[in-house]
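Trainee: how does the following fold in three dimensions:
(one chain, ligands or ions: 1)
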Amino acid sequence: MSKKVINNKSIDFQVFDVHIHFGEYKGHFFAPESINETLTFCGVHRFSVMLFPNKLNLNTERDKWLNTKILEQNSSVDLLLVVSPELLMVDDNLSILDTLPYKMIKLHGALHSWHPNGKAIRKVFQIAKGKHIPIMLHTGGREKSDAGSYLNICADFPEVRVILAHSRPFDETLKVMKMCPNVWADTSFLPIEKVKLFDREGLIDRVLFGTDFPIATYFSNETNPQTWYDKTISKMMAALGVGTFKIISNVNYINFYHRY
Ligand SMILES: [Zn+2]
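Mentor: Numbers count the residues shown, from 1 in each chain. Next up is the predicted model:
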C-alpha cells in the first residue's frame with residue numbers, strides 16, 4: 001500500500017472521503033477522469049461521489065453516461081444517486097437504482113422541494129429500506145433542510161442509515177444523532193472545532209470525513225486542488241490527532257457501508 005505523506009509524516013492508513021462531486025458546477029465541467037486523477041494523486045483510496053445537484057436531477061442519458069464513466073475510472077468509488085421530487089414523479093420506484101451500482105441516495109432539501117415529512121421523501125426512505133442502502137441528506141440553507149427537520153423521518157426508519165451532510169445547524173445535528181442511532185454526520189464545510197465537539201459528545205464513531213471537493217475549493221483562497229486537499233487533511237490531523245482522524249476517515253467509512 002502506498003503511504004500518504006503529509007507535513008513529512010506518513011499516514012499508515014487509507015483515507016476515504018464520503019462527500020465528492022463531479023460534473024457541471026458554475027459553468028465549469030469537472031470530468032470523471034480529472035476528479036479521479038486528483039483524488040488518487042492526493043492519496044484518497046476510496047470515495048463516495050455524486051453529480052452536482054442541479055435544479056431537476058432527472059437522470060438524463062448524459063448523467064447515466066457520466067456515472068458509468070466515473071465507475072470505469074476507479075473501482076474504488078461508491079456512487080451516489082441524486083434524487084429530486086421530479087425524478088421520483090417520472091420513476092416512482094426509482095428503478096434507475098437497478099441499472100447502475102449506486103451505493104447511496106442523496107437528497108438536497110435546499111435545492112429541491114422535499115418536504116421533510118412529506119409523502120415523497122417517505123417513499124424514498126421506503127425504497128432505501130427495501131434496497132438496504134443509506135441516504136445522504138444535505139443540511140442547512142433553509143429551515144426545511146435543517147438537521148432537526150429530519151428528526152421524525154430518521155426516527156421512523158431506524159433501519160435506514162442517514163448522513164446529515166454538513167451537520168447544520170450543529171446543535172440540531174447533535175440532537176438527531178443522540179435520538180437516532182441510525183444517523184451519522186459528515187465533516188464537509190464543518191469547522192474543525194465542531195468535529196472536536198462530536199468527539200467530546202461521544203459521537204465520533206458516527207462522523208465521516210467528507211470534503212465536498214471540488215465545491216469547497218471555490219470557497220477557499222487556495223486555488224490548487226491538490227494543495228487544498230493536502231492542507232485540509234493536515235489541518236484536521238493537527239487539530240484532532242492522527243488517531244481520531246483515522247477513525248473518521250477510515251474506520252467509520254468501512255463501518256458505515258458494512259453495517260448491514
Ligand atoms: Zn456536496
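Trainee: report the buried residues of stretch 31-49.
Mentor: 32, 35-36, 38-39, 42-49 (16 or more other C-beta atoms under 10 Å). In this view, the C-beta of every residue, glycine as well, is placed from N, C-alpha and C.
Trainee: likewise stretch 158-171?
Mentor: Val160, Arg161, Val162, Ile163, Leu164, Ala165, His166, Ser167, Arg168, Phe170.
Trainee: what of stretch 135-155?
Mentor: Applying 16+ other C-beta under 10 Å to stretch 135-155 flags 135-140, 145-151, 153-154 as buried.
Trainee: pick the one among those residues closest to Phe245.
Mentor: Ranked by distance to Phe245 (C-beta to C-beta), those are led by Met136 at 21.0 Å.
Trainee: which stretch of helix or strand covers the closest one?
Mentor: When elements are assigned from DSSP states H and E, Met136 belongs to strand 135-138.
Trainee: in its sheet, what does that strand sit against?
Mentor: Strand 135-138 sits in its sheet next to strand 102-107 (parallel), strand 162-165 (parallel), going by DSSP bridges.
Trainee: could you dump those to TSV with mean pLDDT?
Mentor: Putting the strands paired with strand 135-138 into TSV (pLDDT from 0 to 100) gives the following:
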stretch	mean pLDDT
strand 102-107	98
strand 162-165	98
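Trainee: dump the ones you listed to CSV, plus distance to Val251.
Mentor: Supplementary listing: these in CSV, determined by distance: least, C-beta to C-beta, whole Å:
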stretch, distance to Val251
strand 102-107, 18
strand 162-165, 16
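Trainee: of those, which is nearest Tyr257?
Mentor: Nearest to Tyr257, of those and by C-beta to C-beta, is strand 102-107 at 6.8 Å.
Trainee: so what touches the very next helix or strand once past the closest one?
Mentor: Under the assignment DSSP H and E, the closest C-terminal helix or strand after strand 102-107 is helix 119-131. Here helix 119-131 makes contact (C-beta atoms under 8 Å, 6 or more residues apart in numbering) with 83, 85, 88, 92-94, 97, 105, 107, 114-115, 134-135, 153, 156-157, 159-160.
Trainee: which stretches of the stretch 51-200 of the chain form helices?
Mentor: Taking DSSP state H, counting those that start in this stretch, the helices of the stretch 51-200 of the chain run over residues 61-73, 85-90, 119-131, 151-156, 170-179, 192-200.
Trainee: can you add mean pLDDT and distance to Phe22 and give those helices back as TSV?
Mentor: Below are the helices of the stretch 51-200 of the chain laid out as TSV (pLDDT from 0 to 100; distance: least, C-beta to C-beta, whole Å):
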stretch	mean pLDDT	distance to Phe22
helix 61-73	94	6
helix 85-90	96	18
helix 119-131	98	22
helix 151-156	98	28
helix 170-179	98	26
helix 192-200	97	25
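Trainee: nearest to Asp12, out of these?
Mentor: If we rank these by C-beta to C-beta, the stretch that ends up nearest is helix 192-200, at 21.2 Å.
Trainee: quick one: mean pLDDT over the helix or strand following the closest one.
Mentor: Proceeding N to C from helix 192-200, the next assigned helix or strand is strand 207-208, under DSSP H and E. When pLDDT is averaged over strand 207-208, the result is 98.
Trainee: for the chain, what helix or strand is lowest in average pLDDT?
Mentor: Scoring the helices and strands of the chain by mean pLDDT, DSSP states H and E places strand 4-6 at the bottom, with a mean of 65.
Trainee: isn't Trp114 right up against Ile105?
Mentor: No. Trp114 is beyond contact range of Ile105, at 11.6 Å (criterion: C-beta atoms under 8 Å).
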